[in-house]
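Novice: structure of the sequence below:
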Amino acid sequence: MKHTYTITGMTCNGCRTFVEDTLNEIPEVEKAFVNLETSEAIVEISQPFSAKILQDVLPSKYSISEKTISSLDSKIIEKSELQQLFPLFLIFGYITITSILLNIKPWEINGFMLDFMGLFYIVFSFFKLLDLKGFPESFRMYDPLARAIPFYGWIYPFIEVVLGVLFLMRIEISIALMVTLIILGITTIGVIKTLLDKKSIQCACLGTALKLPMTQATFIENSIMIIMAIMMLIK
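Specialist: Now for the predicted structure:
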């Protein structure tokens, strides 16, 4: 069952994260997503309980009250999540089609994978660089290395730019592949943990300009890159 609650007292993204993490720790809560802009929390619960239980686990500065949500509203919310992922699917499609066209005559699988990985990094780094100040904060919410070393979040978009150029220019491919395995491997570990913990956070794969939710799509896109890197290294 999904319930919507109005929450007052949140003033920043840190407040939002704290409230969301606190609600997700309640045993009866299957998944909680907090929206700072609307001051609302969408909570999936396994059994009925009152809003007082939610209020009791939060500090007094936060006030929470229940809003009614119909089955129609629930469908709209689910549809909205898919619509939010549309830019990711569209960009992925453009990268795939472009990589195919660049290597179709004659067909060259190695060239396809190198162009795909190169375009992936260049395009995704572009969106991260649109908001270089906001990206590190969003990235560190799920990347273990960015959380441990904040500076890593600041240089990560530039690492992607360099890797993209190396793949497209066919320079030091082996080094670029190994770096890909390391950085995407670390990120994927964080993504898996976030998904298993059922945390609803913003995915920073396309920076902060496009507000994408963290879903299995993030895991899939990283996995595709990792698999390609392994295949290229084996060859």
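
Novice: only C-alpha atoms for contact and neighbour calcs from this point on.
Specialist: Noted.

Novice: quick one: furthest residue from the center of this structure?
Specialist: In the chain, the residue that sits farthest from the middle, by C-alpha atoms, centre = their mean, is residue 106; the gap is 35.8 Å.

Novice: quick check: buried residues in stretch 228-235?
Specialist: Neighbour-count burial for stretch 228-235, counted by 16 or more other C-alpha atoms under 10 Å, picks out 228, 229.

Novice: do stretch 13-21 as well
Specialist: By neighbour count on 16+ other C-alpha under 10 Å, the buried set for stretch 13-21 is 16, 17, 19, 20, 21.

Novice: tabulate those residues (JSON lines), appending pLDDT.
Specialist: What follows is these, written out as JSON lines (pLDDT from 0 to 100):
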{"residue": "16", "pLDDT": "86"}
{"residue": "17", "pLDDT": "87"}
{"residue": "19", "pLDDT": "88"}
{"residue": "20", "pLDDT": "88"}
{"residue": "21", "pLDDT": "88"}
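
Novice: from the residues you listed, pick the one nearest residue 156.
Specialist: Among those, residue 17 lies closest to residue 156 (C-alpha to C-alpha), at 22.5 Å.

Novice: tell me which of the buried residues of stretch 13-21 fall in helices.
Specialist: If you go by DSSP state H, the buried residues of stretch 13-21 have 16, 17, 19, 20, 21 in helices.

Novice: what about the protein, any weak spots by pLDDT?
Specialist: 1, 47-50, 67-82, 200, 209-211, 214 (pLDDT under 70).

Novice: can you give me the strands for it?
Specialist: Along the chain, counting by DSSP state E, strands occupy 2-8, 29-35, 40-45, 63-67, 202-203, 212-213.

Novice: could you check the angle the third one makes with strand 2-8?
Specialist: This means strand 40-45. For strand 40-45 against strand 2-8, the angle by axes from the mean of the first three to the mean of the last three C-alpha atoms, to 10 degrees is 140 degrees.

Novice: hmm, who's touching stretch 198-211?
Specialist: Here stretch 198-211 makes contact (C-alpha atoms under 8 Å, 6 or more residues apart in numbering) with 20-21, 24, 30-34, 84, 87-88, 124-125, 127-131, 134-135, 138-139, 141, 212-214, 218.
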